[in-house]
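K.L.:
Could you look at this predicted model? Sequence included:
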Amino acid sequence: MLASGSGAGRFQAVMQSYGMTIRVIGAKPGQASAVKMFPQHLHEGTAVPLLEMLTATHRYGVDEVVLGSIAESLDGIPFLEPHGFR
């Protein structure tokens, strides 16, 4: 599970005692939701949704987290370097 916002660290600490794995990804509210929502644009299969996603992730300050998440999901298929995203 992803969490963000001012209470994310406390939430992580409390819920880990129940066996949950919580990854805190930022201090801004909405960043965790953004990481989950914005990659869906990529799966629509055109360049325009990719550009929209990158614009939105940049606005929320989660570019690297989202691009890293996409790269992990491709399971060994190069994503970041060939496209110049890094």
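P.N.:
The structure has been received and is ready for your questions. Residues are numbered from 1 along each chain as shown.

K.L.:
As a check, name the ranges of all strands in this structure.
P.N.:
Applying DSSP state E to the chain gives strands spanning 2-4, 23-26.

K.L.:
Need the residues that contact the longest one.
P.N.:
Contacting residues not belonging to strand 23-26 are listed as 1-5, 8-9, 12, 31-32, 35, 61-62, 65 [CB atoms under 8 Å, 6 or more residues apart in numbering]. All C-beta spots, glycine's among them, are computed from the backbone N, C-alpha and C.

K.L.:
Pull the number of nearby residues for the nearest residue to Phe38 once chain neighbours are set aside.
P.N.:
Leaving out its chain neighbours, the residue that sits closest to Phe38 by CB to CB, 6 or more residues apart in numbering is Met53, at 4.8 Å. For Met53, the neighbour count with other CB atoms under 10 Å is 23.

K.L.:
Quick check: the gap between Met53 and Gly26.
P.N.:
Plainly put, Met53 is 17 Å away from Gly26 if you go by CB to CB, to the nearest Å.

K.L.:
Same check on Val35?
P.N.:
Val35 is 9 Å from Gly26, where distance means CB to CB.

K.L.:
ok, back up a step: can you put the strands of the chain in TSV and add mean neighbour count, distance to Glu81 and mean pLDDT?
P.N.:
TSV is the format used below for these (neighbours: other CB atoms under 10 Å; distance: least, CB to CB, whole Å; pLDDT from 0 to 100):
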stretch	mean neighbour count	distance to Glu81	mean pLDDT
strand 2-4	20	25	96
strand 23-26	17	22	95
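
K.L.:
Can you add distance to Thr57 and give the ones you listed back as CSV?
P.N.:
Below are the strands of the chain laid out as CSV (distance: least, CB to CB, whole Å):
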stretch, distance to Thr57
strand 2-4, 13
strand 23-26, 12
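
K.L.:
follow-up on the earlier one: just the contacts of strand 23-26: which are in helices?
P.N.:
Counting by DSSP state H, the contacts of strand 23-26 place 8-9, 12, 31-32, 35, 65 in helices.
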